[in-house]
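Asker: here you go, sequence then predicted model.
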Amino acid sequence: MPARKALKASTPLVLFAAIALAACGGGSDDGGGGGSEGGTAAEATNCTNKILQPDAKKVLVWAWYPNMAKVVDNFNKANTDVQVCWTNAGQGQPQYAKFQTAISAGKGAPDVIMLETEQLVGFEIQDALVDLAPFGADQVKANFSEGAWKDVSQGDAVYAIPVDGGPMAMIYRKDVFDKYGIEKIPTTWDEYAEAAQQMKDAGGPAFGDFGSNVPSAVTALMIQKGAQPFQYDLSDKQNITIKLDDQATKDVLTYWGDLVAKGLIGKEDQFNTDYITGMVGGKYATYVSAAWAPGYLTGQGVGQGKDSGNFAVAPLPQWDPANPVSVNWGGSTFAVTSQTGDKEAAAKVAMELYADDASLEDGWKTQTIFPLNQNVLKSDEFVNAEVEFFDGQTANKDIYVPAENAYAGAVYSPFTVYYYAQLQAQIAKINAGQVTGEQAATDLHAEIVKYAKGQGFNVK
Amino acid sequence: MTDLQTTTPVTPARKTRLPRASQIRKRDQIGWLFTLPFLVVFIAFLVAPLLYAGYLSLYTKGLATGTTFAGIDNYTRAFGDPSFRKGLWFVLKFSLVVIPLQMLVALLAALLLDEITGRLAGFSRLMIFLPYAVPAVIGALMWGFLYSPSFGPLEQIASLFNVQAPFLLSQGNVFYGLLNVVTWQWSGYYMIIIYAALKGIDHTLFEAARIDGASSPQIALRIKVPLVWPALGVILIFSLIGTLQFFAEPQILRNIANGSITPDFTPNIYAYETAFNYAQFNYASAISFTLGFVVFLAVGLFMFATRKRGGLFS
């Protein structure tokens, strides 16, 4: 009886062995190349980067910025007393799962960790993050806008240092718009739906995409319509207000559900190979996304070769053009975990990593990040940059900086991971035509309220 | 009493028995020594985690409340949890289809391979077995590529005929998409089990049947199948346990399934999500134990139902 169990269990083992072997192969290659380095190789295998000062304090960092290797090198070159040992523990959710497990186990977390803004409260409530105010966080406060700083603070406590934001806009393909005769770039969601219909009537591709695996983007779009899903303050730990069945949420889910039902947009998950292939091939006319998306897409090979110069960006369509609302998708920070052995060194890393001019410049020039550092945001070079991905459009000046300046901040729940999983399930149901947007909002609300109560919150 | 035994002079009768008893004891000790490597691993990686999970499942931890003793609350909650029930219902339904299908494919392949001889037979046997040698994760990744709507071969073939290929992982098709992956992966392994059982059958039986005028299909149906019946029983138990714990394939394919594989798709995925994403290790332990109980019950029922048919496991 246990035979199959054992066999099943051995599968990951075999895989692990295969990976280990592959890693060995890679390792020996490196060894061949850097033979002159000699002694440090064994130590360096634990870090993705090279440690320049072997005797300095080492701070373990988890992060997934695509240009992280450069950023870490910049930090290590500039510092002699502290060195960053960097590992990519997964992009977003997979990394959070590892961090959560480390918190539950009481060990295994890194010293400094990259966290998206909406995840902070969930870890703060578990006492997993260190308050950085006593370690000089106020000294870097001036580098950030008030809203960005508010997102990482709870009262006087500061739980993370902001790195990048995600003001949303509408990326679109000029060639596809031209080919199917869409002349007016939609500025409202009504116009967006009309243009989508026009595109379909002309035999064009999907106008956009409503992927189930981007619940944070969908939440941002709900907030744009006026929804306020959560009200929560860590100083009043037990009480939370949840409002997911309000009209704004229902309207937004219904709007996208209708576009899907009419076959005007795709319903594919984003960030996987299929989606990227679609982006390359012009399968989607628009991509409602954040400022960091061009960098991500470029890294995946989108907008290159015969596709180059086809993309452009326009402000996020609005519900009420008289009162435009700006929203954020993503945006990330560095936080210090409470498992760190040296809070001071870790805090130094959190404040100074990805804060030097060279790293920030590399970040924004490759559009890997949309920096929140005011020194960059206000610099002429950044504001007037002609973005290659958008065929020389001054995207920062025209679209992203105004969007970021208008962003008012948002309040997140302490169980973002669960909320996103449930929203994802509802989007999948909407896409499969199993529920209406209205029903999805009602179900989602009931589900989240039930969960919050089960976690011991007083739900209002 | 023991004092008395050791100090009193030994009677002749005892004299003959005592060395033998100590010898047996010694042999027992050596026997235990041999099982020690297994025992250590068994206790460290199965018994201890099980006990720990059992302990965890009796507590509950809320984000706002901290850890409290819950008794059997987690278990009652699991049985009433629509997510858990939904997942359980899925794997039961899936078992009901996938197990007979796998067994049928495996049996047919084994019977055919038993009939033919020569190099082709050896080659075919290897090819049918090969999917099992591919790790489940790699297999699922490969199928993910094959099912892909933008660059998979299904789509390319369909586009030749100007039709849209069905997406085998969509909400309505995911059952069949997974059915195909699992059948592909495991049929070869079961085929080998049946094939081995067939090779163990005394050939004089077939000769006798042929002399009596039986055709090949008749021999297969009337002689071979009844004689490999116990092997089929073993396979059923294997696959029942495996399918109820369905995890790897849907977990891998989730990435490209556009949301049709939910976090509560199967009980094991649900337990995994609950533990590692929602940080509810206590409730996840209870879910795992409940699933274990269901598996135990299903296998027990099966063995009870077949106990009169010549004792599969006697």
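Answerer: Perfect, I can see it now.
Asker: which one is residue B:268 nearest to, not counting chain neighbours?
Answerer: Excluding the flanking residues, the one nearest residue B:268 by CB to CB, 6 or more residues apart in numbering or on different chains is residue B:247, at 4.1 Å. Just so you know, the C-beta spots here come from the backbone N, C-alpha and C atoms, and that holds for glycine as well.
Asker: OK, contacts around that neighbour?
Answerer: B:266, B:268, B:269, B:272 (CB atoms under 8 Å, 6 or more residues apart in numbering or on different chains).
Asker: in helices, which of those appear?
Answerer: Among these, DSSP state H puts B:268, B:269, B:272 in helices.
Asker: out of the contacts of residue B:247, which is most surrounded?
Answerer: Ranked by neighbour count (other CB atoms under 10 Å in any protein chain shown), the contacts of residue B:247 have residue B:266 at the top, with 26 neighbours.
Asker: start to end distance for stretch B:253-273?
Answerer: Using CA to CA, to the nearest Å, the end-to-end distance of stretch B:253-273 comes to 15 Å.
Asker: how about the contacts made by residue A:129?
Answerer: The contact partners of residue A:129, by CB under 8 Å, 6+ apart, come to A:120, A:123, A:159, A:160, A:335, A:336, A:337, A:338.
Asker: ditto for residue A:166
Answerer: The neighbours of residue A:166, taking CB under 8 Å, 6+ apart as the test, are A:290, A:291, A:292, A:328, A:329, A:330, A:331, A:370.
Asker: where along the stretch 151-300 of chain B do the helices fall?
Answerer: Assignment of helices within the stretch 151-300 of chain B using DSSP state H, counting those that start in this stretch yields the ranges B:153-160, B:174-199, B:203-211, B:216-219, B:225-227, B:229-244, B:248-253, B:267-276, B:281-305.
Asker: secondary structure element for residue 102?
Answerer: Using chain A here. helix A:93-105 (DSSP states H and E).
Asker: you looked at the wrong chain, it should be chain B
Answerer: Going by DSSP H and E, residue B:102 is part of helix B:82-115.
Asker: let me know the closest of the ones in helices among the contacts of residue B:247 to residue A:279.
Answerer: Taking CB to CB as the measure, residue A:279 sits nearest to residue B:269 out of the ones in helices among the contacts of residue B:247, at 28.9 Å.
Asker: could you dump the helix holding residue A:102 to CSV, C-alpha only?
Answerer: Taking Å, rounded to 0.1, in the frame of the first residue of the first chain, the C-alpha atoms of helix A:93-105 are listed here in CSV:
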residue,chain,number,x,y,z
GLN,A,93,3.0,35.0,-3.6
PRO,A,94,5.6,32.2,-3.6
GLN,A,95,8.0,34.3,-1.6
TYR,A,96,5.2,35.3,0.8
ALA,A,97,4.4,31.7,1.4
LYS,A,98,8.0,31.0,2.3
PHE,A,99,8.1,34.0,4.6
GLN,A,100,4.9,33.0,6.2
THR,A,101,6.2,29.5,6.8
ALA,A,102,9.4,30.9,8.3
ILE,A,103,7.3,33.1,10.6
SER,A,104,5.2,30.1,11.8
ALA,A,105,8.4,28.1,12.3
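Asker: ok, how many other residues are close to the nearest residue to residue B:85 once chain neighbours are set aside?
Answerer: Closest residue to residue B:85 apart from its sequence neighbours, by CB to CB, 6+ apart: residue B:79 at 7.8 Å. Other residues near residue B:79 come to 12 when the count uses other CB under 10 Å.
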